[in-house]
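**Student:** model the following, please.
(chains A and B)
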There are 2 protein chains.
Amino acid sequence: MEFELARQLAQENSTKIVLFVIDGLGGLPHPETGRTELEAAYTPRLDMIARESACGFTIPVARGITPGSGPGHLALFGYDPLVYNIGRGALEAVGIDFDLQASDIAARGNFCTVDAEGRITDRRAGRISTETCAEIVAELQGIPVDGAQLFVEPVREHRFVLALRGEGLSEAVTDTDPQAEGAAPLLAQAITPDGERTATLVNKFVEDSKKVLNGKNPANALLLRGFAKRPLWPSLGEVFKLRAAAVAHYPMYRGLARLVGMETLSVGPNLEDSVATLRENWDRFDYFFVHYKYSDTAGEDGDFDRKVTKLEEVDDHISDLVALGPDVLMITGDHSTPAVMAGHSWHPVPFMLRAPNIRSDECNMFGETALLQGSLGTFPAREALTLAMAHAGRLKKYGA
Amino acid sequence: MEFELARQLAQENSTKIVLFVIDGLGGLPHPETGRTELEAAYTPRLDMIARESACGFTIPVARGITPGSGPGHLALFGYDPLVYNIGRGALEAVGIDFDLQASDIAARGNFCTVDAEGRITDRRAGRISTETCAEIVAELQGIPVDGAQLFVEPVREHRFVLALRGEGLSEAVTDTDPQAEGAAPLLAQAITPDGERTATLVNKFVEDSKKVLNGKNPANALLLRGFAKRPLWPSLGEVFKLRAAAVAHYPMYRGLARLVGMETLSVGPNLEDSVATLRENWDRFDYFFVHYKYSDTAGEDGDFDRKVTKLEEVDDHISDLVALGPDVLMITGDHSTPAVMAGHSWHPVPFMLRAPNIRSDECNMFGETALLQGSLGTFPAREALTLAMAHAGRLKKYGA
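**Tutor:** Have a look, this model is predicted:
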């Protein structure tokens, strides 16, 4: 929904809305059985919910467009992902609880391995341990940056965040990461004159980092990409009058949630943890975003069977979530991650909405073929929140 | 897809995409049998393709809007027909291989018959032969036009193109064609002050043409409409990184293809010719638009049975096209032309996409009722190219 309309129509009440995101939920048929991961999984509880729900599919960004995690989630939060863009660096920084300020510039960093000629042989430095990453980062933190403050923060494995704080910094700077092995790291270049000082600082930092990284094996060089500032967006509270909370374990999803004004709750890695966190905080919020990661990881690994198992794991715990009694429960994904493609895809994402005042349909199973019978059809993911708000009685009538 | 997004995400690879347009494909039920033309046709090969495809319907312009050939095709080429407009005159000129330059003004011309009072009795002058048309046109070509260069080119039967080349010409000029019999041809009028000189030149040309046409029977007058310049649009190569070719026999479709940057290949009038042209040029292009006209002509003539026969003719040759091995094959139409309406209509157009990574569905027949079971649903025709690009692996992921 357009935010101006939402501001005009949203109203508060005592209902609870839960958005349960099964990351990478959508799939494609297994070549031997013709059934998708979700169809192959034994999910009697999800199927029961489908019987009680209005069903359909969401399109995260646009037909044929494969979304990253950012656009996929922002759409489900009600934010048009073609309008609400976020640079990779800012997303990464916000996702590790780094307090990125409005004028800071952040970049996503990779430690990598280069050969004697300086050419990249491994863009991920053999996925060094998070501990090793933290040790190197601590050394880099001491590099002086003229007229600005430097932050280097470890993320996971070979990944880190670089942030610069100071006057007159700009995100108009090209990546040093050529995103290809065999090539040498690039010099950062200003995209507009505004970016010149930042490019100079970045190149000086990279040069100085060589003294620190020299001889470190395998992480003997670094790559930077996605220089970006933190976007300043209207919040879910401001636009939709929702007190919103995120129940997400992984940093990136916490970061995304924070960008739209959700409070990020402390939660462990498993579904039991999610349910426990929800239960503890049930009274404090109107809207909960609950994130489940492992279906996507299995899909990305091309592991059909493991994705099936991970979906069955959701089924094992979904009743505990339903038992909390949300007035509106949406179960969907941020995008499809078919195991047969071993990556994100553009295919519409299974969606069901369990709430009062739904129009019943003949979809009695939570699976890609059955969902074609759903009463919701295929619709833009950014409209899911409006639909939830409507079923929650949180939207006034438009016009007299 | 928005072109800015396409420019950002499109990538090249070695796949082949074929768009096969069965002109006027969509139909309506025969009042006696309840089956559409496509449902009445015996099309076992198309039905087999439907089983292997993701199926649905396209909406050419917008729900309820009946498109002309221009908007119907432009949408399938990925160009929003509400944004990418082309004047009739420019389309007609480009469609006969006339080298319309950026500042030229073109109009569609009809020879017509007028009575002694100058009133139109036949807007098409009894559809004079193309040869007669060419003879008259040659005479008109000699009319002097003050300060501009005149081109008069025959098209087919009673149709011709008028083009003016020179400084300061404008398309802001009204038609001389009243588009009704019983009325007299109109004077061209400037729509804005810019158009005044052009209107004067046009009216002078029409006046002078009377000396040439006087006594010619039945083509004793002429009508001009759709004054327009050639639009300058981004090309499929530039936006989508596609080397695109058109396999179309009829001038208008060749003209449309050229406007979006396709190379127009030499091809005969029949489907055998189309397949032969495809085969000869298979290695040179990434994307082929193949046009089949006769289904539309039969529909326009209100000839249900002939439209059925023409669709069966497609079925007879479709296997030769499939045998070329396109990675992505789209079979659809530019609009519906139901024989019972004897004209174009707004009804969604049957669409199927045969490609890797499709989500299977229960549509096992290429017909309007069966297609309702398709996994693609009903979607804007301008999104068909995005979908094809996705299935061809020609689109990068959007966002991190």
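**Student:** where does the prediction get shaky in the stretch 301-400 of chain A?
**Tutor:** For the stretch 301-400 of chain A, no stretch is flagged by pLDDT under 70.
**Student:** and the strands in it, which stretches?
**Tutor:** Assigned by DSSP state E, counting those that start in this stretch, the stretch 301-400 of chain A shows strands spanning A:328-332, A:349-354, A:377-380.
**Student:** do you know which of these lies nearest chain B?
**Tutor:** Comparison of these against chain B by C-beta to the nearest C-beta identifies strand A:377-380 as nearest, at 5.0 Å. (C-beta placed from N, C-alpha, C; glycine too.)
**Student:** so which bits of chain A are right by chain B?
**Tutor:** Within chain A, the residues that sit near chain B (C-beta under 8 Å from any C-beta of the partner chain) are A:28-29, A:34, A:36, A:61-71, A:81-82, A:85-86, A:88, A:91, A:108, A:226, A:338, A:340-341, A:344-348, A:368-369, A:372, A:377-378.
**Student:** mind running it again at 7 Å?
**Tutor:** Taking C-beta under 7 Å from any C-beta of the partner chain as the contact definition, chain A meets chain B at A:28-29, A:34, A:61-71, A:81, A:88, A:91, A:226, A:341, A:344-347, A:368, A:372, A:377-378.
**Student:** list buried residues within the residues you listed.
**Tutor:** Of the members of the residues of chain A next to chain B, the ones counted as buried by neighbours, 16 or more other C-beta atoms under 10 Å in any protein chain shown, are A:28-29, A:61-71, A:81, A:88, A:91, A:226, A:341, A:344-347, A:368, A:372, A:378.
**Student:** now do the contacts for the residue lying closest to residue A:39 once chain neighbours are set aside.
**Tutor:** In space, residue A:39 comes closest to residue A:367 once its chain neighbours are excluded; the distance is 3.9 Å by C-beta to C-beta, 6 or more residues apart in numbering or on different chains. Residue A:367 sits next to A:36, A:38, A:39 when contact means C-beta atoms under 7 Å, 6 or more residues apart in numbering or on different chains.
**Student:** 8 Å instead?
**Tutor:** By C-beta atoms under 8 Å, 6 or more residues apart in numbering or on different chains, the contact list for residue A:367 reads A:35, A:36, A:38, A:39, A:350.
**Student:** also residue A:84?
**Tutor:** Residues near residue A:84 by C-beta under 8 Å, 6+ apart: A:74, A:231, A:233.
**Student:** any chance of the strands of the stretch 301-400 of chain A in TSV, plus distance to residue A:120?
**Tutor:** Below are those laid out as TSV (distance: least, C-beta to C-beta, whole Å):
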stretch	distance to residue A:120
strand A:328-332	38
strand A:349-354	35
strand A:377-380	39
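**Student:** most neighbours per residue, which of these?
**Tutor:** strand A:349-354 (a mean of 26; mean count of other C-beta atoms under 10 Å in any protein chain shown).
**Student:** could you dump the contacts of residue A:84 to CSV with pLDDT, neighbour count and distance to residue A:270?
**Tutor:** Listed next are the contacts of residue A:84 as CSV, based on pLDDT from 0 to 100; neighbours: other C-beta atoms under 10 Å in any protein chain shown; distance: C-beta to C-beta, whole Å:
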residue, pLDDT, neighbour count, distance to residue A:270
A:74, 97, 28, 25
A:231, 91, 14, 31
A:233, 95, 18, 31
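**Student:** can you lay out the residues you listed as JSON lines showing distance to residue B:6 and secondary structure?
**Tutor:** Formatted as JSON lines, the contacts of residue A:84 follow (distance: C-beta to C-beta, whole Å; DSSP: H, G, I helix; E, B strand; the rest coil):
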{"residue": "A:74", "distance to residue B:6": "20", "secondary structure": "helix"}
{"residue": "A:231", "distance to residue B:6": "23", "secondary structure": "coil"}
{"residue": "A:233", "distance to residue B:6": "25", "secondary structure": "coil"}
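**Student:** per-residue pLDDT, the residue nearest to residue A:156 when sequence neighbours are not counted?
**Tutor:** Distances taken as C-beta to C-beta, 6+ apart place residue A:130 nearest to residue A:156, at 5.3 Å, with adjacent residues excluded. If you check residue A:130, the pLDDT there is 94.
**Student:** OK, now which residue of the stretch 101-250 of chain A is nearest to chain B?
**Tutor:** For the stretch 101-250 of chain A, C-beta to the nearest C-beta, closest residue to chain B: residue A:226, 6.9 Å.
**Student:** residue ranges of each domain in chain A, please.
**Tutor:** Annotated domains of chain A cover A:3-85+A:233-391, A:91-228 [automatic domain parsing].
**Student:** among those domains, which is the most enclosed?
**Tutor:** Greatest burial across the domains of chain A, using mean count of other C-beta under 10 Å, falls to domain A:3-85+A:233-391, with a mean of 21.
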